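Trainee: my questions concern the predicted model and sequence given below.
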Amino acid sequence: MKRLLVTFIFTTAITLVAQNNNVPVIRVETRLVNVPVNVEDEHGVAVAGLATDSFTLLEDGKPQKIAVFERQSETPLSIVMAIDTSESVLTQFRTEMDAAKRFIHTMLREQDEMDLMAFSDAVDEVVSFTNNDKRVISGLSRLGKGDATAMYSAVYLAAQRLGESSKKDALRRRILVLITDGGDTTKGGTRYTDAVEQAQRAGAAIYPIIIMPIFSDAGRNVAGEHALIQMAEDTGGKFFYVTRKSDLDTAFAHLSDDLRTQYLLAYYAPQHKRDSGSHSIEVRLNDAAMQAKLKLRYRPAYFPDAR
């Protein structure tokens, strides 16, 4: 009787090799989809102590078995910090850099990695992914400056780099920290929709830190701020406003807490025909009273053809 060797290919890309060339190989691809979830009360305080059976996870409205569950996730982080270096933010630039240094020093653990980008007229990768906080901090002194703000291009390129990190570890959490005063001022560059889709394909959560002008004009254009807020909502991230210099450290502290208090849920996606469309993700709390009063934040979709 002929034997069949079944090879399961996970997102971690583990492949079994047949020792006997006469043994046919069946390849079955399964894709592990990770869903970091933040649960907060009405005051924005993280809710701890939930268990696997506290949650229901659905793809396209159909319940999925939770294959991985972690509280206060210690899974590795891949973080891209993209800093707006256009002329409009230069008045607070030194304060931004000082706060960023403190965040980098306290945030990076041995299992984490960070990439540093600067964007103005163009997007520059200043430091590629590393877990050496000194290298990243040193890169802050080499940020180029310009006039325009290629924000959507920065999001797109940062998401591409984060997508590459997912090939190394399916459960790695991918984060884009975007420090800007809001608004893409380039013409003919990356579109908003393309930037958001690229972030969703990478499974990257966007955390904008929005620098408000010291003297806010009631008639100013707030479209850029609204775009940043929508980006956060569409990727499971969170936005922070900074109106005073002292708010920067507070924003970074809240961001750090947000990442440290996540639950990590993951499931094996159903078999899909190869397509470029997205599939919806929904997470619910099984306790109706908790579902009614608590806020859940998570990635709302994933693309099966993306890693």
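Mentor: Looks like it came in fine.
Trainee: then stretch 287-295 to CSV, C-alphas only?
Mentor: Coordinates of each C-alpha in stretch 287-295 appear next as CSV, following Å, rounded to 0.1, in the frame of the first residue of the first chain:
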residue,chain,number,x,y,z
ASP,A,287,-20.5,37.8,28.8
ALA,A,288,-23.2,40.0,27.4
ALA,A,289,-22.9,42.6,30.3
MET,A,290,-19.2,42.9,29.7
GLN,A,291,-19.7,43.1,25.9
ALA,A,292,-22.1,46.0,26.4
LYS,A,293,-19.9,48.1,28.7
LEU,A,294,-16.3,47.3,27.6
LYS,A,295,-14.5,48.5,24.4
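Trainee: give the buried residues for that stretch.
Mentor: residue 290 (16 or more other CB atoms under 10 Å). In short, each C-beta sits where N, CA and C put it, glycine included.
Trainee: what's in contact with stretch 234-242?
Mentor: Residues outside stretch 234-242 that contact it (CB atoms under 8 Å, 6 or more residues apart in numbering): 36, 38, 175-176, 196, 199-200, 204-212, 228-229, 231-232, 247-248, 251, 254-255, 258, 297-300.
Trainee: how about the residue lying closest to residue 62 once chain neighbours are set aside, phi and psi?
Mentor: Once flanking residues are discounted, residue 62 sits nearest to residue 270: 7.7 Å by CB to CB, 6 or more residues apart in numbering. Here is the backbone geometry of residue 270 (degrees, to the nearest 10): phi -60, psi 160.
Trainee: tell me the contacts of residue 270?
Mentor: Applying CB under 8 Å, 6+ apart, the residues near residue 270 are 59, 62, 64.
Trainee: list just the nearest of those residues to residue 126.
Mentor: Minimum distance to residue 126 across these is 37.4 Å, recorded for residue 59 (CB to CB).
Trainee: next, count neighbours for that closest one.
Mentor: By the criterion of other CB atoms under 10 Å, residue 59 has 20 neighbours.
Trainee: so it touches residue 267, yeah?
Mentor: Yes. Assessed by CB atoms under 8 Å, residue 59 is found in contact with residue 267 at 7.3 Å.
Trainee: shared neighbours, the two?
Mentor: Taking CB under 8 Å, 6+ apart as the contact rule, residue 59 and residue 267 both touch residue 33.
Trainee: any idea where the helices of the chain begin and end?
Mentor: Using DSSP state H, the helices of the chain run over residues 93-107, 133-139, 151-166, 192-202, 223-235, 247-260, 288-293.
Trainee: quickly compare those helices and say which is most buried.
Mentor: Greatest average neighbour count among those goes to helix 151-166 (a mean of 23), per mean count of other CB atoms under 10 Å.
Trainee: can you dump the C-alpha coordinates of that helix into CSV?
Mentor: Extracted in CSV, the C-alpha atoms of helix 151-166 (Å, rounded to 0.1, in the frame of the first residue of the first chain):
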residue,chain,number,x,y,z
MET,A,151,2.9,60.8,5.3
TYR,A,152,1.0,58.2,3.2
SER,A,153,4.2,57.1,1.6
ALA,A,154,5.8,56.7,5.0
VAL,A,155,2.9,54.5,6.2
TYR,A,156,3.1,52.4,3.0
LEU,A,157,6.8,51.8,3.2
ALA,A,158,6.8,51.2,6.9
ALA,A,159,4.0,48.6,6.5
GLN,A,160,6.1,46.9,3.8
ARG,A,161,9.0,46.5,6.2
LEU,A,162,6.7,45.3,8.9
GLY,A,163,5.2,42.7,6.5
GLU,A,164,8.7,41.4,5.9
SER,A,165,9.1,40.9,9.7
SER,A,166,6.0,38.7,9.8
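Trainee: what packs against that helix?
Mentor: When contacts are defined as 3 or more CB pairs under 8 Å, 6 or more residues apart in numbering; DSSP states H and E, helix 151-166 sits against strand 77-84, strand 113-119, strand 123-130, strand 173-180, helix 192-202, strand 204-211.
Trainee: domains of the protein?
Mentor: 1-30, 31-72+262-302, 77-260 (automatic domain parsing).
Trainee: mean pLDDT lowest for which of the ones you listed?
Mentor: Mean pLDDT values for the domains of the chain show the minimum at domain 1-30, a mean of 46.
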